[in-house]
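[1] Return a 3D structure for these sequence lines:
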Amino acid sequence: MSRSFHPPIVLLTISLCLNPWLAFTQQDFSKVEIKVIPVAENIYMLQGTGGNIGVSIGKDGILLVDTQFSALSDKIKEALKKISDGKVKYVLNTHWHSDHTNGNVNFGSEALIIAHTNVRKRLATEQKIFNRVVKPLPKVGLPVITFHTSLSLYFNEEEIRMVHFANCHTDGDSVIFFTKSNVLHMGDLFFSGRFPFIDLACGGDVENLTKTIESILQRLPSTVKIIPGHGPLSTREDLKTYHHMLLQTTDIVRQRIEQGKNLEEI
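    Below is the predicted model:
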């Protein structure tokens, strides 16, 4: 698909995702429940509002993948106490969006925050999404370790590998492989059971996302457990279905464009 096809596809996606995203930022957080979902022996998924949080627990302490909203940090900490009495040592950010990083400010005073270079750049400067201004995070919430291509942590008796995939959901997306546990946290490269949101203004690209999902699928064993950015705990088959949806949806839009239909008609 040529880049000229992207605006209609992305605008259609935005129309599907706009209301849920605004609901994240406007809801009453006091009513949110943080659910603890076992994934593997020492890996958990926390669901509340915003991006799913990945958790590694063990003798080295606690590692978090994403932090949701700052208003939920106390609830997240209480949920963590149910599975571990350790301290949060590391926070890994999959990308910059607030529903995945806003809670950094309540963990950064004790934990090292790690993310792709572009994530720090965006969190440290004013951003816009859906015409809403997102203010920079204070210094305590910014990544203190950044990388360009990949990075490995050896924590809780396994290699935890962060790999950057350029220009998919944003320009700073990372996927986190828990190599021993056979668990993959995909951030917002994977919206399980729903349409994606492609952040064009921040380097997102639907064609590249589709190719990246195909590449990831080729590397995954059938038994892998996948924590999506949004949606339920998933499998390789769920990711395969998501990839098929991306192919079908973009093909439908391409056909309509070739038929001369405008965005409203599509």
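
[2] Spatially central residue for the chain, please.
    Gly187 (2.2 Å; Cα atoms, centre = their mean).

[3] That one and Ser174 touch, don't they?
    Yes: the pair Gly187 / Ser174 is scored as a contact, 6.6 Å apart, by Cβ atoms under 8 Å. Yep, even glycine has a C-beta here, placed from its N, CA and C like the rest.

[4] What segments of the stretch 1-150 of the chain are strands?
    35-38, 43-47, 53-58, 61-65, 88-92, 112-116, 127-129, 132-134, 145-147, 150-155 (DSSP state E, counting those that start in this stretch).

[5] Show the model's pLDDT score for Met20.
    No Met there; residue 20 is Pro. pLDDT, Pro20: 46.

[6] that older thread, which residues are common contacts for Gly187 and Ser174?
    Thr94, His95 (Cβ atoms under 8 Å, 6 or more residues apart in numbering).

[7] so where's the stretch 51-200 of the chain uncertain?
    The stretch 51-200 of the chain contains no residues with pLDDT under 70.

[8] Go again with 90.
    128-132, 194-200 (pLDDT under 90).

[9] Spell out, range by range, the helices that occur in it.
    73-81, 98-101, 117-123 (DSSP state H, counting those that start in this stretch).

[10] got a list of what Gly58 touches?
    Asn42, Gly86, Phe155, Asn156, Glu157.

[11] returning to what we had before: could the strands of the stretch 1-150 of the chain go into JSON lines alongside distance to Leu233?
    What follows is those, written out as JSON lines (distance: least, Cβ to Cβ, whole Å):
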{"stretch": "strand 35-38", "distance to Leu233": "6"}
{"stretch": "strand 43-47", "distance to Leu233": "6"}
{"stretch": "strand 53-58", "distance to Leu233": "10"}
{"stretch": "strand 61-65", "distance to Leu233": "13"}
{"stretch": "strand 88-92", "distance to Leu233": "18"}
{"stretch": "strand 112-116", "distance to Leu233": "23"}
{"stretch": "strand 127-129", "distance to Leu233": "27"}
{"stretch": "strand 132-134", "distance to Leu233": "28"}
{"stretch": "strand 145-147", "distance to Leu233": "27"}
{"stretch": "strand 150-155", "distance to Leu233": "21"}
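
[12] closest to Met245 out of the ones you listed?
    Closest to Met245 of the strands of the stretch 1-150 of the chain, according to Cβ to Cβ: strand 43-47, at 21.8 Å.

[13] starting at the chain centroid, how far to the closest one?
    Centroid separation for strand 43-47 versus its chain: 13 Å, with Cα atoms, centre = their mean, to the nearest Å.

[14] in which helix or strand would I find the closest residue to Leu184 other than its chain neighbours?
    The shortest distance from Leu184 to any non-neighbouring residue, by Cβ to Cβ, 6 or more residues apart in numbering, is to Ile226 (5.0 Å). Assigned by DSSP states H and E, Ile226 belongs to strand 225-227.
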